[in-house]
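A.B. asks: starting from these lines, generate the structure:
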Amino acid sequence: MKQKIFLLAMSFISFNFANAQFAENNAVYATGELNLGNYVGMDLNLNYVLKEKYSFKVGYSGNFRKPKSQPEDFTTGVTGILVWGLNSPVDVFENFGASIGRIYKINQNGTIRANLSFGVGYTIYTEPENWKKINNNTVSVTKNYSYDNVEHKAVSLIVNPKIEFPITRYFGFSISPMLQINKDRTYFGIGLGSMIGLLR
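C.D. replies: Below is the predicted model:
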């Protein structure tokens, strides 16, 4: 019985020691940001920082905008007004990506740091195409154009430097310009967000 208690106690101490060492040299946290740029949307990521120097990130960003191809006289009609334009067409720009980066402390205690990262992403962008006018002689109840939502796919380069403010060990804020480039479309903007997890 004493041996079992001793083994259990040693296992518990070893786990806590390993956990403390991991927390001292590494960080694991989630980030969520609101994006503002040529599209608007959100960015969600899982981050890992190794030895307070190297960063690794996987995540998703979803953004939308008024369609560039939308005819000037397009209307959602009375139906669109009643549902606050929720049935309006949009350009959608989604990205599933992975990035690596380098951490630089801006102040000595690490509550302000730069996270300079770049990576690649799998991008799906959906846009309304093939607009066709629907002829109505009276006030339109529904949309006055029909269109097809067409999906395109591409590989994108992601450049996403961040200034991070881990104000406590478990919570912080971030501000981050972002550029996502592929052969057909480009997203550029800035993200404002929060950080939750083991930050430093």
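A.B. asks: and the residue nearest to residue 74 when sequence neighbours are not counted, bridged to which residues?
C.D. replies: With C-beta to C-beta, 6 or more residues apart in numbering as the criterion, residue 74 has its nearest non-adjacent residue at 5.3 Å, and that residue is residue 145. Bear in mind the C-beta positions are built from the backbone N, C-alpha and C, glycine included. Under DSSP bridges, the beta-bridge partners of residue 145 are residue 133.
A.B. asks: residue contacts, residue 145?
C.D. replies: Contacts of residue 145 were listed using C-beta atoms under 8 Å, 6 or more residues apart in numbering, and they are 71, 74, 131-134.
A.B. asks: also residue 190?
C.D. replies: By C-beta under 8 Å, 6+ apart, the neighbours of residue 190 are 35-37, 175-178.
A.B. asks: the closest residue to residue 100 other than its chain neighbours: neighbouring residues, count only.
C.D. replies: Using C-beta to C-beta, 6+ apart and skipping the chain neighbours, the partner closest in space to residue 100 is residue 56 (5.7 Å). Using other C-beta atoms under 10 Å, the number of residues around residue 56 comes to 15.
A.B. asks: sorry, back to before: and the contacts of residue 190, which two are the farthest apart?
C.D. replies: Using C-beta to C-beta, the pair of the contacts of residue 190 lying farthest apart is 37 and 175, separated by 13.2 Å.
A.B. asks: picking up where we left off before, how far away is the residue nearest to residue 100 from residue 122?
C.D. replies: 17 Å (C-beta to C-beta, to the nearest Å).
A.B. asks: tell me the SS of the spatially most central residue of the chain?
C.D. replies: For the chain, residue 43 is the residue whose C-alpha lies nearest the centre (C-alpha atoms, centre = their mean; 1.6 Å). Each residue gets one of three states, and residue 43 gets strand by DSSP: H, G, I helix; E, B strand; the rest coil.
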